[in-house]
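>>> quick one, fold the following:
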Amino acid sequence: MEALPKLRALILKSNKFDGNMSLPSLSNLPFPELQVLDISENEFVGSLPQRYFKSFRAMMDVKENNTGLIFGEFWEMRITLKGQDQLLTRLLEAFTTIDLSSNNFSGSIPDCIGNLNSLRYLNLSHNNLMGHIPASLGNISVLESLDLSSNKLDGRIPSELTRLTFLAKLNLSMNNLVGQIPQSTQFSTFENDSYVGNLRLCGFPLTRKCNEKNEQRMRPEEEDKEEEYGFIDGFGWRSVVMGYGSGIIVGIGIGCCIIRFGYITFITF
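Numbers count the residues shown, from 1 in each chain. Next comes the predicted model:
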């Protein structure tokens with residue numbers, strides 16, 4: 001299929017295709033005109049195909065190209081956009097999408113994906129991707145939907161993503177992200193479900209405040225210190241309290257005997 005230089009839409013979703021898309025090939029510039037790549041819900045493995053991202057010329061600087069209709073109005077294409085299945089009957093020059101979700105891709109998200117500055121929809125969810133979210137995603141200025149949910153991504157959310165002023169849907173849920181959520185006019189429109197499952201994220205719109213989290217992380221350490229300093233000569237404060245309590249009970253018992261009998265001959269415990 002890489003030998004089809006005019007191919008503009010490749011949809012292979014919901015099959016049982018497998019294999020590694022990062023293996024080398026004889027094509028120097030595969031899929032230069034591709035605008036739609038949807039291979040979701042398959043069984044592809046390995047790292048994300050960097051060589052494809054570097055060759056998708058139709059997803060770079062689209063504004064410099066001529067605009068207009070590519071396919072006739074009776075040509076149909078069903079794809080998922082912003083979490084909703086939609087039926088498209090036309091493919092505009094500026095329409096671009098990559099959906100690699102629900103596969104077994106691993107490794108990190110390559111920085112070169114940020115070169116696709118005319119990409120509008122990106123879905124890499126439900127894979128085994130690791131590492132940080134690349135700051136280069138902030139270069140995709142027309143991006144409208146970004147879904148990286150249900151992976152193993154860690155680190156902080158890059159502040160560069162606040163430059164995505166057209167972003168209408170963001171899903172970073174079910175990862176291992178940490179730190180404060182970046183604040184911007186656009187980010188303030190996203191709700192809790194965009195971040196759920198990241199237990200170490202804090203800040204608006206989450207109810208978990210960053211300063212409160214830091215205090216909570218310090219409390220167990222302070223308790224440990226109190227426990228440590230409470231031991232004196234091998235005896236902890238609990239032992240001391242128990243000793244005092246037993247002494248008081250014995251003292252009261254002896255006092256009662258003295259008052260009742262006037263003397264003490266022998267006490268056995």
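>>> CA only for contacts and neighbour counts going forward, please
Noted.
>>> can you pull out the strands in the stretch 1-150 of the chain?
If DSSP state E, counting those that start in this stretch is used as the criterion, the strands of the stretch 1-150 of the chain fall at 9-11, 18-20, 36-38, 43-46, 77-81, 84-88, 97-99, 104-107, 121-123, 128-131, 145-147.
>>> possible to save those strands as TSV with distance to residue 208 and mean pLDDT?
Supplementary listing: those in TSV, determined by distance: least, C-alpha to C-alpha, whole Å; pLDDT from 0 to 100:
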stretch	distance to residue 208	mean pLDDT
strand 9-11	41	91
strand 18-20	40	95
strand 36-38	36	93
strand 43-46	36	97
strand 77-81	30	68
strand 84-88	30	65
strand 97-99	32	95
strand 104-107	30	97
strand 121-123	27	95
strand 128-131	24	98
strand 145-147	23	95
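>>> for those, give me JSON lines that also has distance to residue 55 and mean neighbour count.
Formatted as JSON lines, the entries for the strands of the stretch 1-150 of the chain read as follows, by distance: least, C-alpha to C-alpha, whole Å; neighbours: other C-alpha atoms under 10 Å:
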{"stretch": "strand 9-11", "distance to residue 55": "15", "mean neighbour count": "15"}
{"stretch": "strand 18-20", "distance to residue 55": "18", "mean neighbour count": "13"}
{"stretch": "strand 36-38", "distance to residue 55": "13", "mean neighbour count": "21"}
{"stretch": "strand 43-46", "distance to residue 55": "19", "mean neighbour count": "18"}
{"stretch": "strand 77-81", "distance to residue 55": "22", "mean neighbour count": "15"}
{"stretch": "strand 84-88", "distance to residue 55": "25", "mean neighbour count": "11"}
{"stretch": "strand 97-99", "distance to residue 55": "13", "mean neighbour count": "22"}
{"stretch": "strand 104-107", "distance to residue 55": "20", "mean neighbour count": "20"}
{"stretch": "strand 121-123", "distance to residue 55": "16", "mean neighbour count": "22"}
{"stretch": "strand 128-131", "distance to residue 55": "22", "mean neighbour count": "20"}
{"stretch": "strand 145-147", "distance to residue 55": "21", "mean neighbour count": "21"}
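>>> what about these, which gets the closest to residue 192?
Within the strands of the stretch 1-150 of the chain, the stretch nearest residue 192 is strand 145-147; the backing value is 14.4 Å (C-alpha to C-alpha).
>>> which residues are in contact with that closest one?
With contacts defined as C-alpha atoms under 8 Å, 6 or more residues apart in numbering, strand 145-147 is touched by 81-82, 120-125, 167-172.
>>> mind giving me the ChimeraX select for those residues, buried ones only?
Only the buried members of these enter the following ChimeraX selection, criterion being 16 or more other C-alpha atoms under 10 Å:
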select :81,82,120,121,122,123,124,125,167,169,170,171,172
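>>> for the contacts of strand 145-147, which one is nearest residue 102?
Within those, the smallest distance to residue 102 is 6.4 Å, found for residue 125 (C-alpha to C-alpha).
>>> quick check, pLDDT for that closest one.
According to the prediction, residue 125 has pLDDT 96.
>>> how about it, what does it touch?
When contacts are counted by C-alpha under 8 Å, 6+ apart, residue 125 touches 100, 101, 102, 147, 148, 149, 150, 151.
>>> distance to residue 23 added to the residues you listed, as CSV?
Compiled in CSV, the contacts of residue 125 are given as follows (distance: C-alpha to C-alpha, whole Å):
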residue, distance to residue 23
100, 17
101, 19
102, 20
147, 25
148, 24
149, 26
150, 25
151, 23
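>>> please report how far residue 176 lies from residue 183.
The span separating residue 176 from residue 183 equals 19 Å under the rule C-alpha to C-alpha, to the nearest Å.
>>> more crowded one of these two?
Using other C-alpha atoms under 10 Å as the criterion, residue 176 and residue 183 rank with residue 176 on top: 21 against 14.
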